[in-house]
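>>> Compute the structure for the input listed below.
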Amino acid sequence: MMRKFTKSIFSIFIILLMLLMAFQSCKKDLNKIVTPTLNPALSVPLLNTNLTLGHLLEQDSNLIFNPDGSIKIVYSDDSLFSIGVDEIIEIPTQEEVVEHFDLGKIEIDNVSINQKVVLYDMIQNIPSSQRDSIIAHNKTVDFFPATDPPSEPVLVELPEFDNFSNVVLAEGDLVISITNNIRVPFQNIEIVIRDTIYHKDIGTLFFPSIDTMAFKEGSIPLAGVEMSNKLVAKISKFTSPGSGLMANPNPPPDSIPDPDKFVYVDVGEDNFYVEVTTKNIKASSGLAKIPAQTEPIYDNDTTIGFDVPSGAELQHITLSKVNLIYEIASTIQTTVDLKLMLPDATIDGNPVTPRNITITPSGIINDTWNLDGIEFNLTTDPQNPYNAVHIAYEVTSQSTGENLVEFDQDDYVEMTYSLDNIDFSFVDGYFGNQSFDVDLDSLDLDIDFLDQISGGLIFSDPEIRLNYTNSIGVPLAVDLDMIGKSKTGKEQDIGLDTIRFEYPKNVGEIINSSFVINKENSKIQDFLALPPKEITYSGAGVTNTQAGPQVYNFASITDKFTLGVDMELPLSLETSDLEINETVEIDLDDDFSENIESAALTINAINGFPFNADFSLVLKDSISPENIIVLDSIKVEGGLIAAKTNAVGKVIETTNCSLSIGLNEHQLDSFSKANQLTFTAKMSTYESGVAKLYTNYYIHAFIAIDGKFKID
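Below is the predicted model of the structure:
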């Protein structure tokens, strides 16, 4: 507040002095003239003010006057900061998964080939007498002689297998059957199966006997056998007892054929019927027709790891956006069908439809499977019931039809895939110790009352309430740095320990609560004593820092933690160096000090504030607003005694003070040169400690210069 006192007061005093002297000179009794003893006095008022707290303060949104006249500072900000779920838990980019499906052993269709070898061909290499006897009885019913083994094998040329050209066999058998369509039995039959391409024997069978019109079979194991489709059956040994002899005590050759046992002989029609059949064969390589397989090439039900933040053990996750990107390459020379299944996943509560993928011979496929909205159950692995996706594959090969193709059991289908473009909408389980930051930001308090205070405030029982809303089902601990900065640049940390906020325990629950900052858990009194013009804040937090067992965590992507601040500070406080200032303009004559014999500064004040106060007067010469020269200052310590208060800190009785301070020549000279006078009351709380402020509190101050003129 600026007020102006001019030099007109001094001019009035000079005129009065001259009139008084003229009156004395006009007295009639000249004999009684004496030297005048008058020493005129003057009083120059400098400041006369009645400052109430209500006049000094202007009520606004931050400074509230209550109906009882008490005052409170109010500040509120609904959102200092918010923490989203994506700042607490972030699903990392999923690593690529590579699945390799070998073709393995291929089933080859069972196939039979057969051939007849007639009696005429069978007997060509037996002893000639036996052969001739049989031929002589052709197409007659007669004696069939016993035969000796042939000197050379009987070759049975077999038809080619049409379902392969050559194969390396891993499983199966070659079944050889012989039907004896000759009217005499045969004995000691040995058959060798030979591969005419690879020029090697496949195997040998021995039949002790085959009755007439009877059937016998045996099998040759084929595991590990490399075989072409061109085989020959060599009947390397056989004998026959013939049709039989009459009973005779004498041994042959005296034995006589038994007419009752004579048989019909037809060397052109009688035969051995040889049939060769593949049975349950599987090949590891070769050139063959690949039939549709009765069993999948690969059939696997497994779990793969779902990549999560370190330390997290997730149970379920719903992905609002996700693509399964895959590349499938096949070296198999036939069409392959791959079925990709997610058995424990759902979309909108329904099982996920399997992905059926067809890969052409030696083909490559790149494609994307959109799975938006999928919910994964990550607990299906009983050994590690978390972070695991249950997945199943089924790979089958199609038939090549009539085409022969090259194949090898090491031919493969390889699938590389990953989950990409992931946005989650819900997740639960245990999130581990995930860290997050509170970004640096600031609050401009913009409280004019605090701008008027150049000293310190010590609120008696201050509280700042941190209000928060939390829908994230995770324990949060935050180290919050709040630093106040005064208008002069001084800083003070509020000194908070780690704050652990309440959190919802059930999905859908929302916590609305507060953390109260007070003098028991912080340095709030020092913080507010600056007083702060600006508050900067930042911090760091971590999840799940509580002791004890893991707790169930959950979060939807829309959940968040929001922190606001609410300050309501009744001006019931202690003070330290609280200053109230008022500046007035003064305008005394430049030679004012030269005409003064002696002078004193008179201060009369009434104190309605509950504070003791020291006074100071500062004389200034303001050349310009930017260029102010301090000429002199006068300080009075303990000049003003605090008004008396009741038990609740309200003033009930004012106090008065009257002071007179002698002025020296330098000080008088400074008054002559000054054009501004700043009055400062620097206050501190009196003995009772706590004072409550009301709008009708005031200081009434009168300040003047009282002096005597020089009389020449």
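>>> Quick one: residues contacting Asn188.
149, 206, 208-209, 237-239 (C-beta atoms under 8 Å, 6 or more residues apart in numbering). Every C-beta, even on glycine, is put in place using the N, C-alpha and C of the backbone.
>>> Filter those residues down to the buried ones and hand me the PyMOL line.
Here is the PyMOL command that selects the buried residues among the contacts of Asn188 (16 or more other C-beta atoms under 10 Å):
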select buried, resi 149+237+238+239
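>>> quick check, nearest of the contacts of Asn188 to Leu319?
Checking these against Leu319 with C-beta to C-beta, the nearest one is Phe206 at 67.9 Å.
>>> so the closest one bridges to which residues?
Glu190 (DSSP bridges).
>>> Now render the contacts of Asn188 as a markdown table, adding distance to Val516 and pLDDT.
Compiled in a markdown table, the contacts of Asn188 are given as follows (distance: C-beta to C-beta, whole Å; pLDDT from 0 to 100):
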| residue | distance to Val516 | pLDDT |
| --- | --- | --- |
| Pro149 | 113 | 96 |
| Phe206 | 101 | 97 |
| Pro208 | 105 | 97 |
| Ser209 | 107 | 96 |
| Lys237 | 108 | 96 |
| Phe238 | 110 | 97 |
| Thr239 | 114 | 97 |
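>>> Let me see the confidence value for Ile73.
pLDDT, Ile73: 83.
>>> low-scoring stretches of the stretch 1-150 of the chain, by residue?
Applying pLDDT under 70 to the stretch 1-150 of the chain flags residues 1-40, 53-57.
>>> hey, what's the residue nearest to Asn181 when sequence neighbours are not counted bridged with?
Once flanking residues are discounted, Asn181 sits nearest to Asn271: 5.0 Å by C-beta to C-beta, 6 or more residues apart in numbering. When bridges are called by DSSP bridges, Asn271 pairs up with Val118, Asn181.
>>> Just name the shakiest helix or strand of the protein by mean pLDDT.
Across the helices and strands of the chain, mean confidence by mean pLDDT, DSSP states H and E is lowest for helix 8-25: a mean of 41.
>>> Name the spans of this structure whose pLDDT lies under the cut-off.
If you take pLDDT under 70 as the line, the chain has these spans: 1-40, 53-57, 247-255, 446-458, 572-578, 624-625, 685-691, 711-712.
>>> Please parse it into its domains.
44-69+575-709, 71-89+432-570, 97-105+294-430, 109-288 (automatic domain parsing).
>>> list the contacts for the most centrally placed residue in the chain?
By C-alpha atoms, centre = their mean, the chain has its centre lying nearest to Glu90, at 1.2 Å. Under the criterion of C-beta under 8 Å, 6+ apart, the contact list for Glu90 reads Pro309.
>>> give me the element it is part of.
Glu90 is located outside every helix and strand, with elements delineated by DSSP states H and E.
>>> That one and Val427, how far apart?
11 Å (C-beta to C-beta, to the nearest Å).
>>> cool, and Leu63?
Note on Leu63: its distance to Val427, by C-beta to C-beta, is 47 Å.
>>> and if you look at Gly489?
Distance check for Gly489 against Val427: by C-beta to C-beta, it reads 46 Å.
>>> Among these two, which residue is more densely surrounded?
Neighbour comparison, Gly489 and Val427: the larger count goes to Val427, with 24 against 8 (by other C-beta atoms under 10 Å).
>>> can you give me the helices for this protein?
With DSSP state H as the criterion, the chain has helices at 8-25, 53-56, 85-88, 119-122, 128-136, 448-451, 524-528, 665-673.
>>> Tell me the buried residues in the last one?
So the one you mean is helix 665-673. Residues of helix 665-673 classed as buried under the neighbour-count rule (16+ other C-beta under 10 Å) are 667-673.
>>> Let's have those residues in TSV, adding distance to Thr360.
As requested, the buried residues of helix 665-673 are exported to TSV (distance: C-beta to C-beta, whole Å):
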residue	distance to Thr360
Gln667	108
Leu668	112
Asp669	110
Ser670	105
Phe671	108
Ser672	110
Lys673	105
